[in-house]
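Peer 1: 3D, please:
(one chain, ligands or ions: 1)
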Amino acid sequence: MEVKKIAVLGAGLMGHGICQVAAQSGYEVNLRDIEQRFVDNGMQMIKASLQKFQAKGQLTEGQVNEILSRIHPTVDLKEAVSDVDLIIEAVTENVELKKSTYREVDQYAPAHAIIASNTSSISITELGSTTKRPEKVCGMHFFNPPQLMKLIEVIKGAKTSEETIQTVLAVAQKMGKETVLVKKDCPGFIVNRILIPALNEAVALYWEGVADRDDIDKAIKLGLNWPMGPLMLLDYIGADTTLAIAEILEREIDPKFHPHTGLKQMVKAQLLGRKTGKGFYDWTQK
Ligand code: 3HC
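Peer 2: Reported below is the predicted structural model:
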């Protein structure tokens, strides 16, 4: 099946970036969030990002306007999904919220449409089972910021068809991304299964007073050649998202993945990182 039009559900940190990448790759995109202010905020982030590309001479003003004209913001779910071939779901990482979204999408989307989830850790099989089209449900996991990060993990649920996987791989390729196939639906897939325990250990080192924040980040940047240290990356991803993934890994795979008390405290204190202005770093000035 050839995908011509895409709906992106959720205009947040990931959703806005995915929508932008799709529009930059020539797709018509409906961008949907539950409230107008979330949609507006997503559009603002897209404009700011496009402006960065324009300032660097990677896009002309004309191209920026064309890209923006391919994006159709809405708060109406039915309107967002009723005329598309692919729905990329990037709503908040909450199982019940996602399941109710899938039930609604299944009702309104055309029979041929594929639903791909950007979930970081929720079971694709479980999401697929809430629809009457589990063979058309798969994972399509982008990395933050989607505009710059090259990888997409494509995840096969228990009932996902080969045709669905091939269609999504082709879309990822058109978006200029590299892909890896996750053959079994397993929490954390490949990247987060490795990353989240590493971030959790960075929090442990910090809370135990083994080293200062800057030295923990410097050690990993220079010792492992990461582009940013783990505590800064944690601020970037969000302590709430990191905790949610750690809890799923702990529950579904092994108790060894249990999140550190320090991470839980950060969430309780709303020190979530960039999204609340403060985490391990102060982001209010940046
Ligand atoms: N859109 C367009 N351009 C952007 C941008 C955006 N959203 N964000 C940054 N840029 C541009 C900047 O303008 C800058 O351009 P310049 O080099 O011409 O000045 C360039 O990208 C580099 O940005 P910065 O100088 O601000 O910062 P960095 O040099 O640190 O690069 C980065 C930014 C690419 C994000 C880099 O730090 C990086 O790779 N960090 C690690 C990111 C990462 O690991 N992501 C994965 C997280 S895990 C995940 O997403 C999974 C989830 O399920 C948890």
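Peer 1: all helices for the stretch 151-286 of the chain, in order.
Peer 2: 162-174, 191-207, 213-224, 230-237, 239-252, 261-268 (DSSP state H, counting those that start in this stretch).
Peer 1: now the angle between helix 239-252 and the last one, please.
Peer 2: Calculated by axes from the mean of the first three to the mean of the last three C-alpha atoms, to 10 degrees, helix 261-268 forms an angle of 130 degrees with helix 239-252.
Peer 1: avg pLDDT for helix 261-268?
Peer 2: The pLDDT scores in helix 261-268 average 98.
Peer 1: got the buried residues for it?
Peer 2: Buried residues in helix 261-268, counting neighbours by 16 or more other C-beta atoms under 10 Å, are found at 262-263, 266-267. Using the backbone N, CA and C atoms, a C-beta is placed for each residue, glycine as well.
Peer 1: tell me what that helix is packed against?
Peer 2: helix 191-207, helix 239-252 (3 or more C-beta pairs under 8 Å, 6 or more residues apart in numbering; DSSP states H and E).
Peer 1: over to the third one?
Peer 2: Packed against helix 213-224, as judged by 3+ C-beta pairs under 8 Å, 6+ apart, are the following elements: helix 191-207, helix 230-237.
Peer 1: re earlier: mind putting the buried residues of helix 261-268 in CSV, distance to the ligand included?
Peer 2: CSV is the format used below for these (distance: C-beta to the nearest ligand atom, whole Å):
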residue, distance to the ligand
262, 18
263, 14
266, 15
267, 15
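Peer 1: what residues of stretch 69-78 count as buried?
Peer 2: Neighbour counts over stretch 69-78 (16+ other C-beta under 10 Å) mark 70-74, 77 as buried.
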